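Chemist: need a 3D model of the sequence below.
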Amino acid sequence: MKCCTLYAANDLRVVEQADEDAPLGEQEVLVRCRMGGICGSDLHYFHEGRVGNFEVVEPLTLGHEVAGEILQVGAAVTGLQAGQRVAVNPSRPCNACDYCLSGASNHCRHMRFFGSASLRPHVQGVFRQFLRVPASQCVPVPADLPFAEAAMGEPLAVALHAVQQAGRVTGRSMLITGAGPIGCLVLLAARHAGAAEVCVTDLSAAPLAMASRLGADSVIDLGKTPDGLARYQAGKGYFDTVIECSGSVRAIDGAVDATRAGGTLVQVGFPPVGPQPFAINKLLAKEIAFVGSFRFHEEFDWAIRFIAERRIDVTPLMTGVYPMDEAVAAFLAASDRDRHMKVHLEF
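Modeler: Next up, the predicted model:
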């Protein structure tokens, strides 16, 4: 089978890999991958050979957003059958550690997450033609749901988890910093949760145009108007909730100023590795709840249901599809924020 494998920064190859010849496990399924979304972490691996502290030191098949159809099921698998469309949850928690047993499987001590260099050997990803996976990681989708939409379940789950971390948002004001795919999905998730007023900031016009299209009440291009948030930062701030999706330290500082006293700031974007200057005194003085948001757990199932039931429309974000053999071109396209939001590979 063909796989999209990274050997080093800017060295992505479509290579042939032998199919596994071991019998399918009793609780496993064989999935024919159809569509895979290119994520920001995939782009970091592609351009830099690393994501944060996770460095590629051996060939790594990328990808963790995928949907396909089941070709074969193991002898003990129930609820799934050959020919069925599924979205694949990239998280494989141990289901035995203290975090898993307490309902926080995204913090599993032994997590294996597809397409990640966090472990050695690396956990290979889903940008491949065929995938053997435990049946528990497959979520059925309707037969008429396009594979690309089903593959959007994973990034939507990240957004839904971020909104969950914010607490109650119904009827409240929200600022989203960073209008990339996750920021725009957070906008959709926030609207679904009942946020009354949503403002989105970014440094580029094209992502902000998408945020406007998706229903943002206002957008601010901080690249053109660096002081565009000033009126919201006056006094003790304005927004009940801020969800920071860019990972920029400057954006975090601005977000703290824009959060009202007693408000909540959710950090989704990863800042650069290492110590960063941070105005923690402002958090203290304004009694802001600063909350991290990492991946997801039960939100993956929610995301697939919301997409399948058309309760959240992710299709405006799907801006490009490339065949697997043009993977390098796809990654370069996905890196162009003026042209694309979410690019998919077709296997």
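
Chemist: if I pick the spatially most central residue of the chain, what's in contact with it?
Modeler: Against the mean C-alpha coordinate of the chain, by C-alpha atoms, centre = their mean, the closest residue is residue 155 at 3.2 Å. By C-beta atoms under 8 Å, 6 or more residues apart in numbering, residue 155 lies in contact with 37, 39, 65, 181-182, 185, 342. No exception for glycine: its C-beta is placed from N, CA and C like everyone else's.

Chemist: same thing but 7 Å
Modeler: Neighbour list for residue 155: 37, 39, 65, 181-182, 185 [criterion: C-beta atoms under 7 Å, 6 or more residues apart in numbering].

Chemist: what helix or strand does it sit in?
Modeler: helix 153-165 (DSSP states H and E).

Chemist: put the alpha carbons of that helix into CSV.
Modeler: The C-alpha coordinates for helix 153-165 follow below in CSV (Å, rounded to 0.1, in the frame of the first residue of the first chain):
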residue,chain,number,x,y,z
GLY,A,153,-14.8,15.2,13.0
GLU,A,154,-11.4,15.2,14.6
PRO,A,155,-10.7,19.0,14.4
LEU,A,156,-14.3,19.7,15.3
ALA,A,157,-13.8,17.6,18.4
VAL,A,158,-10.8,19.8,19.4
ALA,A,159,-13.0,22.8,19.1
LEU,A,160,-15.9,21.3,21.0
HIS,A,161,-13.5,20.4,23.8
ALA,A,162,-12.2,24.0,23.9
VAL,A,163,-15.7,25.3,24.3
GLN,A,164,-16.4,22.7,27.0
GLN,A,165,-13.4,23.9,28.9
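
Chemist: could you say what helices and strands the next helix or strand after it packs with?
Modeler: Once the chain leaves helix 153-165, the next helix or strand it forms, by DSSP H and E, is strand 173-177. Secondary-structure packing of strand 173-177 (3 or more C-beta pairs under 7 Å, 6 or more residues apart in numbering; DSSP states H and E): helix 181-192, strand 197-202, strand 239-244, helix 249-258.

Chemist: point out the most buried one among these.
Modeler: Neighbour counts (mean count of other C-beta atoms under 10 Å) averaged over each of those peak at strand 239-244, with a mean of 28.

Chemist: please name every helix or strand in contact with that one.
Modeler: Applying 3+ C-beta pairs under 7 Å, 6+ apart, one finds that strand 239-244 makes contact with strand 173-177, helix 249-258, strand 259-267.

Chemist: coming back round to it: and of the contacts of residue 155, the nearest to residue 57?
Modeler: Nearest to residue 57, judged by C-beta to C-beta, of the contacts of residue 155 is residue 39 at 20.4 Å.

Chemist: per-residue confidence at the closest one?
Modeler: Per-residue pLDDT puts residue 39 at 97.

Chemist: count of residues packed around the nearest residue to it once chain neighbours are set aside?
Modeler: Spatially, and ignoring its direct neighbours in sequence, residue 39 is nearest to residue 65 (5.9 Å; C-beta to C-beta, 6 or more residues apart in numbering). Residues lying near residue 65 (other C-beta atoms under 10 Å) number 31.

Chemist: for residue 65, give its distance to residue 286.
Modeler: Distance, residue 65 to residue 286, using C-beta to C-beta, to the nearest Å: 36 Å.

Chemist: any idea how far the nearest residue to residue 105 once chain neighbours are set aside is from residue 154?
Modeler: Nearest in space to residue 105, with sequence neighbours left out and distances taken as C-beta to C-beta, 6+ apart, is residue 93 at 4.1 Å. Computed as C-beta to C-beta, the residue 93 to residue 154 distance reads 15 Å.
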